[in-house]
Each structure stands twice: as structure tokens, then as C-alpha cells.
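# Let's see this in three dimensions:
(chains A, B and C)
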Amino acid sequence: MSNVFLSLKDIRKSFGGVHALNGVDLEIRRGEIHCLAGENGSGKSTLIKIISGIYKPDKGQILIEGDPVQSLTPKSSIDAGIQVIYQDFAIFPNLSVAENISINHSVLTGAKRMNWTEARSLAAEAMSRIGADLDPEVLVENLSVANKQMVAICRAIINDAKLLILDEPTASLTAKEVDALNEIIKNLRNKNMAIMIVNHKIDEIFNIAEQITVLRNGEKISSGPASGYTRRSFIRDLTGREITETTYEPEKSDEEIFRVEKLTRHGEFSDISFEIRKGDVLGITGLLGSGRGAVGDALFGVAPATEGKIFLNGEEIEIRSIDDAIKYKIGYVPEDRLTQGLFLNRSIQENTTAASLKKYFIRGKVDEKIMLNDTIEWIRTIGCNAKDAEAPIRTLSGGNAQKMVIAKWLNTSPRILILNGPTVGVDIGAKADIHRFLHGLAKDGVGIIIISDDLAELIQNCNRIIVMHDGKAVRTVDTKDVDETSLSKMLSD
Amino acid sequence: MNAKIKQKLLSNEAIVVYIILLLALIIGAVNPTFISPATGINLLRTMLVTLIFALSEMIVIVSGGIDVSFPAVSCLTMIATIKFLLATGIDSVPITYGIGILIGATFGALNAFLITIIKIPPLIATLGVSSLTSGATLAFLGTKIYTDLPEKIDTMHRISIFSYTNPAGNEYSMTALILIPAILCVLIHLMLRHTMIGRGMYAIGGDIQAAHVVGFNVAKTRFFTYILSGILAGTGAITYMILMRVADPKVLMGEEMMVIAAVVIGGTRITGGHGTVIGTILGVALLALVKNNLIILGVPTHFQTFVVGMIIVFGTSITSIRAKRIAEQAKI
Amino acid sequence: MAPKKSLVKSIDKHTLILLGLSVLIVITMGVHRPKFLGSANLQSMLVQLPEYGILAFGMMIAMISGGIDLSLVGIANLSGIIAAVVMLGLGGTPFGITLGVLGALSGGVLCGAFNGVLLGYVKIPAMLVTLSGLQVFSGLSLIITKGPAITGLPEAFSKIANATFVGVIPYSAFVFVLIVIVLSYLMNQTVFGRKLYLMGTNRVAASFTGINILKTTITAYILSGILGSTAGILMASHYNSAKSDYGSSYTLLTLLIAVLGGVDPNGGDGKVQGVFFSIIVLQLVSSAFNILRINAFIKTFAWGLILILVLTAINIPKIIREQKKG
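Predicted coordinates for the structure are as follows:
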């Protein structure tokens, strides 16, 4: 066991009485790719922050190469050879590639002078190690997300990293880019580096992991070689329940609600056509960069389509701006809840009524009382666990907050509701609530479109799925004809 | 390689150079005597003090802040210094600069404290300091305008590094004071480009969170930036006093507009993280050229404020649109 | 029960502090300098207060929307000058005065639209837009006046600020009260007001909620511009003249009033009621300074100091809370 680099024993950490980690053990070896899997709120980010020295554990032991470490600070963690690449990469858009790669090194060595020659050679060396080929002089603001990630990886490995931790590294990468990243990771593994990847996408984990640890509710559920896991056992460990094989099947109806013909936005997607009948829940999936999100943005007028026709209840409509979408009662639950969906500092009531202010303008004033009653009604209807409608919405958990984002749109009595990644960062219970609710809406004649890369979610909740690739709808399938494996194949073909 | 040359030719600095050249051509066409060494000397003289202030503002903007307090601080510096000199009978240029630098640094530290520790937005903090300082100068140091500078200080501006006599027999001499902004430009350029503290300013202006993560001492860098900016403001104040042979408690008020405009037109992004000394020099030169020649171009004096305002509006619009384009551009 | 609850809530802690401060100043000054409560002082307070009070509301709106308006004084002066030019041109008739006032207000609308478009469409930061705006508007004023003040405005016009109702209350005070009423209605009871707060809290989320950012931003700055020009009209009436550089100390004062009144410099928060009491507190302080014969420069010094101290007092608890958190 000499190649164990990092070992954690019985790590406990709580925040104001809430247990984030409840006695977690973890062992990471050199030359091995270890996946840390867990749903949101499982404690995996807390664990990373403990390893990187940002949080101090309340209890437990940390050993680095067999030696117990008394207290880990961000600096001592880096000195020990631990490098974390966060989701936002923490790189500088205004600096060149070379400087971004070398800056960490220059700061940590306490250099007073900026040595450009050294910076360039460090960058070149790091890039050659992972086979990246970027112009060292170009400013990072001009790079794609994948190339920004390359820069972050380069920066991490020049400091003689022994353990590289990647936090959800594939979250915004296209399929090709994920393959390239996996190659790099394997390469580093071969050079005897310890790698820990935090992820929750099954396919990606099975593709690369050699060792898996699953966390749920702050506890380690299982740990072992990847070969010891099956899809079924992994999902059970991850979610605490069996995979349900049921799919959504609406009652047959001929009543067309929404139809889109040859919708195109140059440079984003082209020739997208579909129709939604009463009861339908349409899924749109595809890898990042496939244009799945852009279709949602176009239908809501954020980045409108340049060509094609849209029909609402058989009548042709034009959506050129968000104002148009609102006029035709189209609602949109955006992808990034925190920045796009919520007014964090404002009350639940203000959030819930934000999209339907006009209807509360009664007899020359905004009627707070009706607003409050409606909000309380929605909290009840949608099953949000909120005690006070006038409390700031930031006090709600991810799942409850997302329910209120949906309620915000339901309060406008939408005819079409588009949801982009509706259950990202939502716990299992709330997820089920949201899905049940969407089915009810569909039955009542609201056209529902779910845009997601969570295939299980689509299969269980949609009756038809459009698979997008490079801006085109490559397949349109009935959910009953596919399963996760076959659908996931369609994504990358 | 070709792409790089093209990039250089389309850079912000290059565009300002084109505009300066175009403007010079137009002015030269209207008034042929414009193309002469005398114009250069006049231009440099106009730029002299503004350039020092522009450097002071530029480093603050690069690090993601803003400083509108330097005119007030400079006025206080001038009056406090001259009062001290007259009271003690000291007549030494180095000591004068020493005092100026000390006062500037103190106010820089005050700004840094309010912005970094108390977390007041930079604009509001420096507006407050501006009011505080300006009020203090006029209330406690008096409203007197001093023209009776001690002799050595008073004659300092006469030292000239070269002079030019035009065909009409008028002599134009370049004061040695120009060396001060010249040396400062070189020093600030070296600092920004070749020291880690300078790179730290860019890093903080680019992404303050990321600067924390890679291990920069963010608070220290920001303090350093504002103190250095204060030192530059103090130096600018003393230079103004020596050049103009006057210490006036109000004369520089309002100067922040021209200075911020010059910095932004020179390619410094108001949102932080971008900016160079060369660009700043060009920005100052462009505005000085406009200011000195509006009359030649047939613009009446009372139109000046408006014209300068419109130049600022266009200058900032161009920078803003360029930044927007970069954000929307296809990524490599 | 419900109305009682909302009444208690509507008078928040912040307002209570401001109210307490006002009472304290009135009592202290009233005891030591009885002149403070004399009708002459009251009247002079009521003349001054509307001028920067209205400007402060302009600042409040810009700040709630997530920006700042440093061009308000420029708008005020330009509007005063427009009014003066129109009135003098039309020879001081009631029709001329009306047209002058309307012209001034349209000037405010245009200036506000100028700021709003550069901000919302070209996306230049508010600080830079309004700072350039100040330069442009002052420049226009200079072009019109060529420097010196325009004097000799019609007598009827100067009565707005200088004549009084029942001997104490200047008519400009009624304009101020009217604006307070309209603004509290606009900010609290209308869809626009709600949208403005939401936009100031989170611009991106507001856009994804169907709030038209461009329209709301332009409206907010037009509103701020109208308030600027209203103040300008009152100033012109008060001084019986218009000039390009009156009231240059007002920018800081309006910022101070807004911050003291509880407006969040980062946007999204602030109440008409808080700003109203803040205006009163500062007018009382200013008047006290006058009666104590404290000169204008010390006032400038004091406004700067108070601004810094108020923000320090607001921010320190936040900083301590953050440090505790980790």
C-alpha cells in the first residue's frame, strides 16, 4: 500500500448543526483514477474543500503519504502537491495563456520579478506534457471553455502536482472535448499522478474510473474498483433507490398545442421541427454544444431564431424577443438557477410573482395581499418546504428554490413551459415532485419541453425525445423504444 | 505571424495613433505652422502633469478600481506643502517632492483602507475622500492662492533640456520637468510588465477570486496600488506647482474627468485588467492635441467642454463595443 | 391585524434611526439656538430642501436600478438654462413660463435617455456614462450661455421658490411633496417600480423573467433626468438666474442622502421613505451648520466624512459576519 498518496479517516464536518460529512474514509493512490460520485448535497464539495485546506474538519485524520497532517491550509495543501481544478477554473481572462499557466508558480516561489522567458518555457513544457497546443501569447478571454480547462490543467501540473482533483471537469465540454480530456487524464495517471475526478454522470464515470467512491448525505456508501460496480448498483448507491423502468405515457390526443417548423438560428442550430399535442412532454437532448440549449433560448426569445415557423394552437406566431414569448405565454426555466432564475436577496413572494406583476396591478396599485395569497397557494400546490412566503428565497434549498422558479412561470398561466436542466442540483425527493407536477400540467394542456442531458430523467418523463448533434435534430424517438444505453449511443454518433 | 501584425495594426493603441495622425494632418492643413517643433514642445508641456495623474489613475483602473479623489488630494498636497515650506523657510526641490509624496501616500492608504477593509465601492469611497479632502483644504488650510514660491522651487521650471527658436524669433524651451513623467512612465511600465506586484494588479483586475486562489496577497496588492497611485498624485501636484509657479487650493478640481477619459481612450478597460503605459501616453496625447488645437480648428472656447465630453462618449463607446465583440466572438 | 402588521413593517429600523436623529437635532438646536426654530430658518430650509432633495431621489432611482447618476447636477443646470432661454425669448408671459418649464423637462427627458441608451444599449458602465454625461450636459450649458449666468428671469417664475404660501411655506416645497407622493406610489405600487427593484437585484434573472432590461433602464434614467430638471427649474427660480456650474457640491450630497437613506450602492434596495427622512436629517444638519456659522468648506468636509462614516457603520457588521463564517 506504499502508493497510497492521500488517506482520510473518519472525516466529520458540520455547518451550524447540519452534518455535511459524517465519518468519511477515503484512500487515493498514485497512478490511479479515482471517481468521487455523489448527487448534489452529498458532501463531495465539502470533502474537496477539506482536502484543499479551505475547510478544517471537525474530526478525523488526514494522512499524506502515510504521514498524519495536523492542519491543512490552502498553502500547505499545495505544497504537499495537491492541486484542485474548480469548475470555474480560477483563471484570468485578461492574461495570456503563458502567464496564466505560470502565474501560480511565480506567486508560490515568492518571485519579485516577472520572468517572461521562464513563463513561456514553463507553459510550453506543461502544454507538451498534456499534448495541448495553444498560442502562449493569446489572451485567455479568447479561448473556448475546453481550452480554458487545458490552461487550468497546465497550471496545476507545473507545480509538481502529485494529486490532481478535477471538480466536475466535463460539465461544459462537448463529447470530443471529453474524449481529449480523458486522454490527458490517463496520460497523467501513467506518469504516476493520483487523479480524483468529481462527477455524477454514469457513462463518463464508467469510461474512465478505476476506483469509485460514492457519497450520499455526507456518508460513504461504497468504495471499490470500478469493475465491482454495475450500472444498477452504482445508481442504487448514488440515489438510494432502484432504477425505475417506467416511462411517461400520455393519453392519446389529436389536439395540437405547439408546432415548430424548420427552426434555424445561424451558427447555433438548423431545421428543428416538432409538434406537441395535448399531454405531450417533449425532451430535447444532446451533448454540450449540440444546440439543445440554444433551441430553448430561441423559443423564449433570448437569442431568437433567424428562420422557421412557430405555431401556437395552430396559429403562426413570431418570437423575436423575450417580450414576444411572454406575450404568447411561453415560460422558461433557465439552466443556471442561481444567476438566471432567482432573485436571491428578495422574498419568495417577490420571486413567485416576478413574471406576472401586471395581473396584480389592480385599481391603480400593486395588490400585495393577493400576491401573498397566491404565493402561499403555490407553496402549497407545488409542495415547497417554505415556512414564510416573505422570507428571502436564498433561505430555500436548491430543490425548493427550483420549485418556486417553476411556480413563477405557472403563475403566468403559461401555454408552453420550457425547462432547461430542470432538476440540476435538485435532491431526489424534490426531483420526483417536480416531475409529477409537470405531468399534471401536460395533462391539463400545457405544452412541456424538457431540455436536459440527464437521460434517465428524459426517459422517465418524456414521451418523445429529440436527439441533437451539431445543431441538427439527428433522431426523434418515442421513449418507449429506447433505454439509457441506446439513447446515450445516439448522443455521440 | 501575419495575423499578429494585423492584430497589432488593429489594436487600441494603433487606432489612437491613427486618430492622432489624422488630427495632426487636419490641423496642419488648416494651419501649416502647426507642423513644427514648437507644437511638439507645447504639446509635451500640456501633457506633462496630466500624464502623471493618468499613470496614477491607470494603475488603479487596471486593478479593478477607480479613483476620483486625486484632484482634491493634489490640491491639498500643494497647499500643505507650500505652507510648510513658507513656514520653515526650506527651499529645496527634493524636500518638496518628499512632502508631496508623503501626503499622497497617506491619502492613497486611506482610499485603500476604505475600499479593501471597509469594502466601500471604489467610486463612492473616493468621492467621499474627495469631498473630505477638498473641504479640509479650503476650511483648514485656507483659500489663499500662493504665487510666492521659494526661489529655488520657483525657478526650477526654467531649467530646460532643449529649446527651439522659430523663424519669427520666438523661443520655445522644453522644461526639464518633462523628465519626471518620462521617468515615471518607464518605471511604471517596468513595474506593470516585469514585476510580480505589477502582474498582481492585472490579476486582481481580471478576476479577484482567482487571484485569491492562485495565492496572491490581494489586500496587500490593492494597498500597494492605491498608495502608489497616491504617491503619483502627490508627485503630480508638486510638479504642477513648480511648472505653473502657483499653489491653488481649487485649480485641479474637475481634472478627474480629463484624466479618466485619457486613460480609457488609451485602451484601459474601465472594468479592470487591461491597460498599458503606452496606451495611456497616447490617450493623454490625443486629448492634449484636441485641447490645444480646438481654436485652430474653429471650435469656439465655450464649445470645448462639450466637444471633450463627446470625445469621451465616443472613446468609451468604442472600447465598450470592442469588449462586447470579444465576449461574443467565436472562441479558439 | 394585517394592516397593523404592514404599518409596523413599513416604518423600519432605518427610518426610526433617521427620525430619532431629526428629533435630536431639532431639540438640541432648539434649546441652544432658538433661532433654529424661527420662521426665517424654517422658510430657508424649505427653499433649499426641494432642490437637492429632488436630485437625491434621482440618485436613488439610478442606484436602485443598479447604477449611479453623477450627471444630475449637469442635467439640472442645463434644464435651468433651457427654461431661462425659452422664458426670456418669449418675454416672461405665463405662456412663456409654461413653455420654459416644459422645455426644461423635455431637456431632462433627453439627457436621461442619453444616459439610459449608452448604459443599456452600448453597455458602458453607469459611472462612466454619467460622468461623461455630466461633461456633455455642462458643455451644452456652456455653449448656450457662453459662460456667464443668465439673469433677469420673469418675476412670476422666481416666485415658485421665493414666494410663500401663508407666509412660511414656499411653493417649491409643494413641488417636493408632490414628487415624494408620486415617487412612493411609483416605486411601491406600480409594475415599473417592482421591475426596477428586481432588475437592480439581479439583471440577468430579471431578463430571464421577461423584464425588458433596456426599456426599464432607459425609463429609470429618464425619470432620474426629469427629477434633475425639476430641481434645475427650482434652482433657477430660487437664484432668479441659470448658470452652467451651480450646485456642484450637490453630487456628493445626493449620494450621501441616498446612502444614509438606506439605498444599497450595489443596487436593488432602498425606499422613498428612507431617502425622504435622510433628506430631512441632512437639511437639519445643514441648517444647524448655517446657524452655528460653520463655513461652506467645513460642510463639504463634513459631507465627505459623514458619507464614509455611514458606509463604515453599515458595512462593519457585514464584515464581522463574514469573518465569523470562515
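
# helices and strands around the helix ranked longest in chain C, which ones?
Longest helix in chain C, counting residues (DSSP state H): helix C:296-325. With contacts defined as 3 or more C-beta pairs under 8 Å, 6 or more residues apart in numbering or on different chains; DSSP states H and E, helix C:296-325 has these neighbours: helix B:122-136, helix C:250-260, helix C:272-291. To be clear about C-beta, it is placed using only N, CA and C from the backbone, and glycine gets the same treatment.

# Chain C contacts on chain A?
Residues of chain A lying near chain C by C-beta under 8 Å from any C-beta of the partner chain: A:55, A:300, A:302, A:321-323, A:325-326, A:332, A:334, A:339-346, A:350, A:354-355, A:357-358, A:361, A:364-366, A:368-369, A:408.

# Would you point out the helix or strand in the chain whose mean pLDDT is lowest?
In the absence of a named chain, chain A is used. For chain A, counting by mean pLDDT, DSSP states H and E, helix A:484-492 ranks last in confidence among helices and strands (a mean of 79).

# Quick check, the residue in the stretch 1-150 of chain A closest to chain B?
Nearest residue of the stretch 1-150 of chain A to chain B: residue A:94, at 3.4 Å (C-beta to the nearest C-beta).

# residues from chain B in reach of chain A?
So far as C-beta under 8 Å from any C-beta goes, chain B lies against chain A at B:4, B:193-200, B:202-203, B:205-207, B:209-211, B:213-216, B:272-274, B:326-327, B:329, B:331-332.

# rerun that using 6 Å as the cut-off
B:194-196, B:199, B:203, B:206-207, B:210, B:213-216, B:273-274, B:331-332 (C-beta under 6 Å from any C-beta of the partner chain).

# Buried among these? Make that a PyMOL selection.
To isolate the buried members of these in PyMOL, using 16 or more other C-beta atoms under 10 Å in any protein chain shown:
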select buried, chain B and resi 196+199+203+206+207+210+213+214+215+216+273+274
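
# ok, the residues of chain B next to chain A vs residue A:287, which is closest?
Residue A:287 has its nearest neighbour among these in residue B:331, at 17.0 Å by C-beta to C-beta.

# before we move on, the earlier item: among the residues of chain B next to chain A, which ones are in helices?
Per DSSP H, the residues of chain B next to chain A map to helices at B:194, B:196, B:199, B:203, B:206, B:210, B:213.

# Residue C:124 contacts residue C:118, correct?
Yes - applying C-beta atoms under 6 Å as the test, residue C:124 and residue C:118 come out as touching, 5.2 Å apart.

# could you redo the helices and strands packed on helix C:296-325 as TSV and give each row mean pLDDT, mean neighbour count and distance to residue A:279?
Output for the helices and strands packed on helix C:296-325, formatted as TSV (pLDDT from 0 to 100; neighbours: other C-beta atoms under 10 Å in any protein chain shown; distance: least, C-beta to C-beta, whole Å):
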stretch	mean pLDDT	mean neighbour count	distance to residue A:279
helix B:122-136	95	26	55
helix C:250-260	93	26	53
helix C:272-291	93	22	49
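
# So residue 122: helix, strand or coil?
By default, I'm working from chain A. Three-state call for residue A:122 (DSSP: H, G, I helix; E, B strand; the rest coil): helix.

# what's whatever residue of the stretch 201-332 of chain B ends up closest to chain C in contact with, if anything?
Across the stretch 201-332 of chain B, no residue is closer to chain C than residue B:306, which sits at 2.6 Å (C-beta to the nearest C-beta). The contact partners of residue B:306, taken as C-beta atoms under 6 Å, 6 or more residues apart in numbering or on different chains, are C:139, C:140, C:143.

# For it, which non-adjacent residue is spatially closest?
residue C:139 (2.6 Å; C-beta to C-beta, 6 or more residues apart in numbering or on different chains).

# Just to be sure, the one you found is in a strand?
No - according to three-state DSSP, residue C:139 belongs to no strand; its state is helix.

# Around residue A:70, count how many other residues there are.
7 (other C-beta atoms under 10 Å in any protein chain shown).

# That one and chain C, how far apart?
Counting by C-beta to the nearest C-beta, to the nearest Å, the gap from residue A:70 to chain C is 19 Å.

# How many residues are close by the closest residue in space to residue A:344 that isn't next to it in sequence?
Counting by C-beta to C-beta, 6+ apart, residue A:394 is the residue found nearest to residue A:344 once chain neighbours are left out, at 4.3 Å. Using other C-beta under 10 Å, residue A:394 has 14 neighbouring residues.

# Ok, the one 3 residues further on next?
Burial measure for residue A:397: 17 neighbouring residues, criterion other C-beta under 10 Å.

# what separates it from chain C, distance-wise?
18 Å.

# ok, residue A:412 - contacts?
Here residue A:412 is in contact with A:355, A:356 (C-beta under 6 Å, 6+ apart).

# What separation do you get for it and residue A:127?
Separation of residue A:412 from residue A:127 (C-beta to C-beta, to the nearest Å): 50 Å.

# now residue B:17
Relative to residue A:127, and taking C-beta to C-beta, residue B:17 is found at 34 Å.

# Same drill for these two, tell me which one is more crowded.
Higher neighbour count among residue B:17 and residue A:127: residue A:127, with 21 against 16, using other C-beta under 10 Å.

# Disregarding flanking residues, what is the spatial nearest neighbour of the more buried one?
residue A:154 (5.7 Å).

# Pretty sure the one you found sits against residue A:124.
No - look at residue A:154 against residue A:124 with C-beta under 6 Å: they stay out of range, at 9.8 Å.

# need the helices for chain C, in chain order.
Under DSSP H, chain C gives helices at C:2-10, C:13-32, C:39-64, C:72-89, C:94-120, C:126-145, C:155-162, C:171-189, C:191-201, C:203-208, C:213-239, C:250-260, C:272-291, C:296-325.
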